[in-house]
Structures are given as C-alpha cells and as structure tokens.
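Chemist: What shape does this take:
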Amino acid sequence: MENDLSDYRESYEKGELLLKHISDNPIELFRDWFLEVDTHFNQGETNAMTISTHGLDGYPKSRVVLLKKYTHEGFIFYTNYNSEKGKAILDNPSVCLSFFWPAAERQVIIKGKAEKIAENLSDGYFESRPRGSQLGAIVSNQSEVVKDRAELEHKLKALEKAYEGREIERPSHWGGFIVKPVELEFWQGRPNRLHDRIRYKLEKDFTWKIERLAP
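Modeler: Model prediction:
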C-alpha cells in the first residue's frame with residue numbers, strides 16, 4: 001500500500017515572532033500565546049499537549065494529556081503513577097512537552113524535569129473532578145491488559161454502588177506531576193518555510209538565554 005502525501009502543503013501567514021516583541025521570561029510568552037490561542041483561535045482543547053518519555057522498554061513514547069495548571073515554576077498535569085507513563089517518568093524524569101496550535105500556526109516545545117506535586121495539591125484537584133472521573137481513576141489500572149470493556153463497566157457499576165452517598169478519596173496511585181522547564185522553544189509559522197523559532201535556555205544563574213534558531 002502506498003499513499004503519496006507530497007502535495008499536502010500550507011502557507012503559514014498568520015503571525016510573526018520577533019525578539020523585540022517578546023518577554024525575557026518564557027512563561028510569560030507562553031501565557032500570552034495560550035490566552036491568544038484560547039480567545040481568538042478556537043480549536044477545542046487549547047490545553048492538550050503531547051508528553052514524551054523514555055520508556056522502560058528503551059523506546060521513547062509520546063501521548064496526549066491535558067495541562068491543568070501552569071505557573072512560573074512549571075507545567076502541571078495529572079495521571080496514574082502506576083501507568084506506563086507514570087512509571088517511565090519516575091524512572092527517568094527528563095521529559096518533553098509540546099503544544100501544537102494549527103489554527104494559529106504555532107508550536108511550543110518544552111524540555112524539563114518532572115516531579116510529583118504535593119499530595120494536598122493532588123487532593124484538591126481530585127476533589128474538583130466530576131464524580132464519574134473520580135471513580136474512573138479508581139476503576140482503571142491504567143496501561144494494564146483487560147479482558148474486555150465489560151470488565152471495566154462491571155467494576156464501575158460496583159464502585160458506584162459501594163460509594164453511593166459517600167465521598168470519594170483520591171487513590172494514592174493517582175496524582176499530579178509538575179514539569180520544571182530547562183528549555184522552551186516557540187515556533188511561529190511563516191511564509192516560504194522561513195519560520196520563526198525562538199529558544200529560551202535556563203542558565204546556571206537561573207536567567208534565560210534567548211536565541212533565534214534557523215527554521
């Protein structure tokens with residue numbers, strides 16, 4: 001089977017990224033881009049990001065998760081610590097995050113170190129989740145092989161009955177990671193494939209070195 005995609009082309013003309021217009025702090029530029037995309041380029045889940053990890057099997061692996069909070073310290077998401085993803089992060093915390101916002105012709109790539117957030121922060125977010133999502137975190141032994149979907153649905157119904165009228169506590173194997181960045185690259189599509197690429201690298205004195213990269 002063969003499918004030639006060589007004629008798939010777009011001309012990127014929606015923006016520019018110039019050094020004279022950006023902040024010295026990459027988190028501030030991320031905030032500005034995120035808000036602009038979320039407000040003016042409605043594409044669904046603006047907070048959807050790809051996280052790449054070093055797998056325990058020696059292969060890198062990427063998957064989409066949802067960013068739930070960002071601060072000057074880093075980027076927070078939640079997962080099952082016993083999942084393939086969680087185990088990979090705990091074994092090797094060097095990860096890469098990427099956001100692709102095609103409607104705005106923008107991409108952000110973030111290299112950083114991931115670590116668990118404080119338990120009380122995970123508790124607070126878990127309490128804010130819909131009840132069905134809370135139960136789902138308990139039902140699913142994420143990444144483990146299951147016989148069929150009916151097995152999961154049976155477990156969910158049993159838990160719904162068991163927790164009827166009761167508060168659902170966060171399971172200890174579920175919680176948040178924060179990715180503390182050491183490098184961020186901002187990509188803005190431009191005509192003729194001469195895209196804008198600006199990289200921020202964290203220096204030893206905790207300042208950010210800003211460089212323009214060739215496209």
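Chemist: which residues does the residue sitting nearest the centre point of the chain bridge with?
Modeler: Nearest residue to the geometric centre of the chain (C-alpha atoms, centre = their mean): residue 49, 3.6 Å. Beta bridges link residue 49 to residue 65, judged by DSSP bridges.
Chemist: next one: residue 111
Modeler: What pairs with residue 111, by the bridge criterion (DSSP bridges), is residue 96, residue 183.
Chemist: again, but for residue 106
Modeler: residue 101, residue 188.
Chemist: Quick one: residues contacting it.
Modeler: Residues in contact with residue 106 (C-beta atoms under 8 Å, 6 or more residues apart in numbering) are 15, 33, 37, 99, 100, 186, 187, 188, 189. For every residue, glycine as well, the C-beta is placed using N, CA and C.
Chemist: re earlier: and the residue nearest to the centre of the chain, how far from residue 164?
Modeler: To residue 164, residue 49 is 36 Å away according to C-beta to C-beta, to the nearest Å.
Chemist: With residue 16 instead?
Modeler: Noted for residue 16: a distance of 56 Å to residue 164, by C-beta to C-beta.
Chemist: of those two, who's got more company?
Modeler: residue 16 (11 against 7; other C-beta atoms under 10 Å).
Chemist: which one of the contacts of residue 106 is nearest residue 178?
Modeler: Nearest to residue 178, judged by C-beta to C-beta, of those is residue 99 at 16.4 Å.
Chemist: In a helix, the closest one, correct?
Modeler: No: read with DSSP: H, G, I helix; E, B strand; the rest coil, residue 99 is strand and lies in no helix.
Chemist: Name all residues that make contact with it.
Modeler: 48, 49, 50, 67, 106, 107, 108.
Chemist: related to what we said a few turns ago, from what I see, the residue nearest to the centre of the chain and residue 97 are in contact.
Modeler: Yes: using C-beta atoms under 8 Å, residue 49 makes contact with residue 97 at a distance of 5.2 Å.
Chemist: Quick check: neighbours shared by those two?
Modeler: 67, 75.
Chemist: Could you tell me which of the contacts of residue 99 count as buried?
Modeler: Neighbour-count burial (16 or more other C-beta atoms under 10 Å) applied to these gives 49, 67, 106, 107, 108.
Chemist: just the CA coordinates of the helix or strand bottoming out on mean pLDDT in the chain, formatted as CSV?
Modeler: Ranking every helix and strand in the chain by mean pLDDT, DSSP states H and E puts helix 149-162 at the bottom, with a mean of 90. C-alpha atoms of helix 149-162 as CSV (Å, rounded to 0.1, in the frame of the first residue of the first chain):
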residue,chain,number,x,y,z
ARG,A,149,-14.7,-3.4,28.1
ALA,A,150,-17.4,-5.2,30.0
GLU,A,151,-14.9,-5.9,32.8
LEU,A,152,-14.3,-2.1,33.3
GLU,A,153,-18.0,-1.3,33.2
HIS,A,154,-18.8,-4.0,35.7
LYS,A,155,-16.1,-2.6,38.1
LEU,A,156,-17.5,0.9,37.6
LYS,A,157,-21.1,-0.2,38.5
ALA,A,158,-19.8,-2.0,41.6
LEU,A,159,-17.9,1.1,42.7
GLU,A,160,-20.9,3.4,42.1
LYS,A,161,-22.9,1.2,44.4
ALA,A,162,-20.1,1.0,47.0
